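Visitor: dropping a prediction and its sequence here:
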Amino acid sequence: RAILSAVHSCVVAVDAAGIVTLFNPAAEKATGLKAREVIGRHVTEVIPNTRLHLVLERREPELGQIQRLGRATIITNRLPVIVDGEVMGAVASFEEISRIQKLEETIRHELYARGHIAKYTFDDIVGRSRAIRETIRRARSFAEVASTIVIEAETGTGKEMFAQAIHLASPRKNGPFVAVNCAALPETLLESELFGYAPGAFTGAKQGGKPGLFELAHGGTIFLDEIAETSVAVQARLLRVLQEKEVMRVGGHKVIPIDVRIVTATNRKLADLVAQGRFREDLYYRLDVLNLRIPPLRERKEDIPLLVEHFLRLAASRLNKTVKGVSDEAIEVMMEYDWPGNVRQLENTVEQLVVLNGDHVIQAWEVEEVLGRIPHTRRAVQEASG
């Protein structure tokens, strides 16, 4: 009795005649009734919609049953107590669903704390050009709502940085941010990663199964990069998630409700792929509620000096180098270049320049050499000429 009084679960027990013999404090709190008022009465008088008396008759347990109890919705387990083949009574244990949901939220937050977090905000996006300021303004407005987003941008423009910033500016900022590159995984692995799998779903599957990334993103945001590279089969399952707000694990039969905001990204035009029959039209219209285009670096070249300064500082700190700077002529070379790899290529170029030439002011010819505009064999000639 001391143990049953201490547990958080509500417990009600009856004898073989259905008379209440135990009504623990948690049950008192949930029902608003006192144990002294109900013990000794028939259970149907106490809980009108109970099924404990039926469990006594049928001698079979009823597990995971949803039931209304006053204003609360509870989930109940009812079991007969059988000793030496004789039914001695029955016991019901139940929890309010709202408490279970809070526990689930705690568990998901623990999973979130393992690394599914966003770290970049809009303040981390470097640039003062009109193009990037307008993109940030648009993205901020998108962050305020829960609609799905398609980010269309070239490789290296910072799609995930924008996705993280949108998440951290949204009402879901305290939830997980889960990112997955759809092009980096084969179809079968991508499906099990996104939706999880049931025990024994395939050879090598974990004994207890595995939750998918959609489950881990519950209450937060999932970022699907390179969405255009998904197969038709995966697209069909994504459509169901969007329509039903639920997932089913690979090899499983139970549906799992989820609350997830979906942000997708692609470096290709989804509308063109739909016209070519390579992307589901119904999924396209489900995803493309809000559309964000990130300008390539060649359309915001006035940001290059600011970006170079930013990347120089980062590279110097990471590589433990003392960097003396970049000449105006070197900046001009960078401004004239089209940067097909966008901001990522610029960052890599600056890092290479710091590694090779960080002990002096970086010159224009050194930038041209790294960009492949002059052959390495001319380096000695340039150095000799001063």
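Guide: Cool, got the structure.
Visitor: any stretches of the chain with poor pLDDT?
Guide: Low-confidence segments of the chain (pLDDT under 70): 101, 103-115, 200-208, 358, 373-386.
Visitor: all the strands of it, residue numbers only.
Guide: Along the chain, counting by DSSP state E, strands occupy 10-15, 20-23, 62-69, 72-83, 86-96, 149-152, 177-181, 196-197, 210-211, 221-225, 246-248, 255-257, 261-266, 290-293.
Visitor: CA atoms only: put the second one into PDB for me.
Guide: Just to be clear, that refers to strand 20-23. C-alpha atoms of strand 20-23 as PDB (Å, rounded to 0.1, in the frame of the first residue of the first chain):
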ATOM      1  CA  VAL A  20     -13.300  -1.200  -4.600                       C
ATOM      2  CA  THR A  21     -10.500  -2.200  -2.300                       C
ATOM      3  CA  LEU A  22      -7.800   0.200  -3.200                       C
ATOM      4  CA  PHE A  23      -7.900   3.800  -4.500                       C
END
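Visitor: what lines up beside it in the sheet?
Guide: Strand pairing for strand 20-23, using DSSP bridges, gives strand 10-15 (antiparallel).
Visitor: swap in the fourth one?
Guide: Taking DSSP bridges as the criterion, strand 72-83 forms sheet pairs with strand 62-69 (antiparallel), strand 86-96 (antiparallel).
Visitor: in it, which residues are buried?
Guide: Across strand 72-83, burial judged by 16 or more other CB atoms under 10 Å covers 74-76, 78-81. Glycine gets a C-beta too; all of them are placed from N, C-alpha and C.
Visitor: need the contact list for Lys301.
Guide: Applying CB atoms under 8 Å, 6 or more residues apart in numbering, we find Lys301 in contact with 129, 335.
Visitor: tell me the spacing between it and Ile132.
Guide: Separation of Lys301 from Ile132 (CB to CB, to the nearest Å): 11 Å.
Visitor: and the strands of the chain as JSON lines, adding distance to Ile136?
Guide: Output for the strands of the chain, formatted as JSON lines (distance: least, CB to CB, whole Å):
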{"stretch": "strand 10-15", "distance to Ile136": "51"}
{"stretch": "strand 20-23", "distance to Ile136": "59"}
{"stretch": "strand 62-69", "distance to Ile136": "46"}
{"stretch": "strand 72-83", "distance to Ile136": "43"}
{"stretch": "strand 86-96", "distance to Ile136": "43"}
{"stretch": "strand 149-152", "distance to Ile136": "13"}
{"stretch": "strand 177-181", "distance to Ile136": "18"}
{"stretch": "strand 196-197", "distance to Ile136": "35"}
{"stretch": "strand 210-211", "distance to Ile136": "34"}
{"stretch": "strand 221-225", "distance to Ile136": "17"}
{"stretch": "strand 246-248", "distance to Ile136": "32"}
{"stretch": "strand 255-257", "distance to Ile136": "34"}
{"stretch": "strand 261-266", "distance to Ile136": "15"}
{"stretch": "strand 290-293", "distance to Ile136": "10"}
